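*Asks:* Predicted structure and sequence below. I'll ask about it afterward.
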Amino acid sequence: MIGPVASQDLSDKILDFISIYNGNWSNKARVEKGLSDHVLYQGRVIPVDIIALRPAATMFLETAMNGIIHILAVGVIRQDIGDTISVTPYNFTDM
């Protein structure tokens, strides 16, 4: 049986990135204040474990504007030279 990627398999930099950049975001409060020059933006980032992409860390990414989904993607996270974190998105929005 294959288990999830253990946190010890990932660098501290990647674990920090995952812990900081996940959750739900929106500008709902600004839109509700009646600022007409803003559309409702919603974003969601969820860490996921995708067996086919192991041992890479992965995240599910979703964005919507005015309730219409614009981006659905899986992001593969890696640590590059110089401790730079990069995310390669694999977009499946219009599949």
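*Replies:* Structure received.

*Asks:* For the rest of this, base every contact and every neighbour count on C-alpha atoms.
*Replies:* Noted.

*Asks:* May I ask you to name the longest strand in the chain?
*Replies:* For the chain, the strand with the greatest residue count under DSSP state E is strand 68-79.

*Asks:* Going by neighbour count, which residues of the host helix or strand of Ile14 are buried?
*Replies:* Using DSSP states H and E, Ile14 maps to helix 12-20. Within helix 12-20, the residues scored as buried using 16 or more other Cα atoms under 10 Å are 14, 18.

*Asks:* so where do the strands sit in this protein?
*Replies:* Counting by DSSP E, the strands of the chain are 23-26, 41-48, 57-65, 68-79, 85-91.

*Asks:* ok so, going back, just the angle between the helix holding Ile14 and strand 85-91, please?
*Replies:* Orientation check (axes from the mean of the first three to the mean of the last three Cα atoms, to 10 degrees): helix 12-20 against strand 85-91 gives 60 degrees.

*Asks:* Which other helices and strands does helix 12-20 contact?
*Replies:* strand 68-79, strand 85-91 (3 or more Cα pairs under 8 Å, 6 or more residues apart in numbering; DSSP states H and E).

*Asks:* Show residues contacting the lowest-mean-pLDDT helix or strand in the chain.
*Replies:* The helix or strand of the chain with the lowest confidence, counting by mean pLDDT, DSSP states H and E, is helix 28-32 at a mean of 86. Applying Cα atoms under 8 Å, 6 or more residues apart in numbering, the contact partners of helix 28-32 are 38-42.

*Asks:* Alright, I will stop here.
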